[in-house]
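model this:
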Amino acid sequence: MSLKPLLLLILLCFCSLKLVAQEPDGKFKFHNITTGTGAYTLEKIKGNRGFSVSITTNFRIKKNVIGINWNGGFGASNKDDILKNAIHSYSEINLLYGREFNIARNLFLNAYAGFGFTDQTKLRDDRTEGTVGFPVRSEIVFKASKWIDVGAIGNVNFNKRNNIHSFQVLLRFNFN
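This is a model prediction of the structure:
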């Protein structure tokens with residue numbers, strides 16, 4: 001898995017924070033940072049699943065949420081692949097647009113869609129194949145406190161090479 005997408009995400013986060021500081025009317029606000037840990041599966045390769053992580057930085061413009069998201073993971077389709085050193089990995093960086101919907105007191109549904117870049121690799125032959133991806137993401141979030149949320153993330157990245165489905169446990173840190 002390449003570090004280029006992660007470095008790009010960090011750079012975009014710092015640039016975005018600088019933009020927030022320069023906004024005079026305060027309508028464009030740094031909203032939260034969301035982390036996720038869970039599992040993923042590949043659509044075209046049956047049985048290929050693995051461990052996945054994500055981090056998202058969200059900004060709010062009135063009721064709209066703009067997010068910069070990085071997802072990554074690694075896994076194998078079976079124990080023979082591990083012995084052959086044929087482990088699959090992926091990394092994606094996305095720009096997301098979404099909304100928050102209040103379901104009940106302290107319970108929210110967040111829905112996002114966007115576009116980004118997805119890079120998938122098999123470590124055995126070290127081939128990397130990048131493609132444009134179109135992520136669709138939903139989150140069910142419980143507000144545990146003013147600063148902390150917990151919940152679940154469902155994510156699908158539609159791309160030319162191999163669609164990626166992931167499910168993760170969410171921990172969110174709120175800033176406004």
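
Please report how far residue 88 lies from residue 165.
Look at residue 88 and residue 165: by C-beta to C-beta, to the nearest Å, they are 14 Å apart. The C-beta positions use only the backbone N, C-alpha and C, and glycine is treated the same way.

Please read the previous query as pertaining to residue 139.
Separation of residue 139 from residue 165 (C-beta to C-beta): 15 Å.

Next, the buried residues of stretch 27-35.
Buried residues in stretch 27-35, counted by 16 or more other C-beta atoms under 10 Å: 28, 30, 31, 32, 34.

which outside residues touch that stretch?
With contact meaning C-beta atoms under 8 Å, 6 or more residues apart in numbering, stretch 27-35 is reached by 16-17, 19-20, 53-62, 65, 139, 149, 153, 170-176.

Spell out the secondary structure type for residue 44.
coil (DSSP: H, G, I helix; E, B strand; the rest coil).

Compute the number of surrounding residues for it.
Residues near residue 44, counting by other C-beta atoms under 10 Å, number 8.

what about the nearest residue to it once chain neighbours are set aside, which SS state?
Leaving aside its sequence neighbours, residue 44 sits nearest to residue 162 (C-beta to C-beta, 6 or more residues apart in numbering; 4.7 Å). Classification of residue 162 using three-state DSSP returns coil.

Enumerate every residue touching the closest residue to residue 63 other than its chain neighbours.
The shortest distance from residue 63 to any non-neighbouring residue, by C-beta to C-beta, 6+ apart, is to residue 99 (6.4 Å). By C-beta under 8 Å, 6+ apart, residue 99 lies in contact with 63, 64, 65, 110, 111.
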